[in-house]
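[1] sequence first, then the predicted structure:
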Amino acid sequence: MKQFLSIVLTVLLFTACAKEKSPTNPIDDMIDTTTNTSSKTGLFINGPYGSVMGGARIYNMNNNFTLALENVVISNGPDLHVYISKEVQPVNYIDLGKLQSTMGNQLYAIPGMPDFSEYKYALIHCQRYNHLFGSAELR
């Protein structure tokens, strides 16, 4: 009976995750680089639970900061969020919202005026299971 219950719970877990995967339609949000300046940039490396290719860049748009994910390709998963963080493993971070898509160019508003000498990582993170999919050190 325990084996049967274990199998049922495993199947439910995987089907629940499959239903909640991130959107996969490519997005092509771009920043006007003639009027907005870039301050920090980095390339993503894979985390222990997924893969992320592409870049991340911080733009200053009229004293408002934006994180641009550039030409990203991200393995899919449930509840993926975009963070800027003080560490590679998110302990002190700012959640910029749910991942818009697993592919393309995407923009995320950064609230407030964080100190980018401290918040030096862009992360793709599964919030529900606390799994890091990828990180980019912003230099």
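    Now that the structure is in, tell me what you want to look at. Numbers count the residues shown, from 1 in each chain.
[2] how many other residues sit next to Phe133?
    Neighbouring residues of Phe133 were enumerated by other C-beta atoms under 10 Å; the total is 25. Any C-beta I mention is one placed from the backbone N, CA and C, and that applies to glycine too.
[3] so, low pLDDT: which residues of this structure?
    Low-confidence regions of the chain, defined by pLDDT under 70, span residues 1-19.
[4] who does the closest residue to Gly77 other than its chain neighbours bridge with?
    Among residues not flanking Gly77 along the chain, Cys126 sits closest, at 5.1 Å (C-beta to C-beta, 6 or more residues apart in numbering). When bridges are assigned using DSSP bridges, the partners listed for Cys126 are Leu80, His131.
[5] residues contacting Cys126?
    49-50, 77-81, 132-133 (C-beta atoms under 8 Å, 6 or more residues apart in numbering).
[6] and the gap between it and Met113?
    28 Å (C-beta to C-beta, to the nearest Å).
[7] all strands of this structure, in order?
    Secondary structure of the chain (DSSP state E): strands at 27-28, 37-46, 52-61, 64-74, 80-85, 93-98, 103-110, 121-126, 131-137.
[8] quick one, which of those is packed in tightest?
    Across the strands of the chain, the average number of neighbours (mean count of other C-beta atoms under 10 Å) peaks for strand 121-126, which reaches a mean of 25.
[9] and the angle from it to strand 93-98?
    Here strand 121-126 points in a direction 60 degrees away from that of strand 93-98 (axes from the mean of the first three to the mean of the last three C-alpha atoms, to 10 degrees).
[10] which other residues reach stretch 30-47?
    Stretch 30-47 is contacted from outside by 52-61, 66, 68, 72, 105, 107, 116, 120-122, 124, 131-139, using C-beta under 8 Å, 6+ apart.
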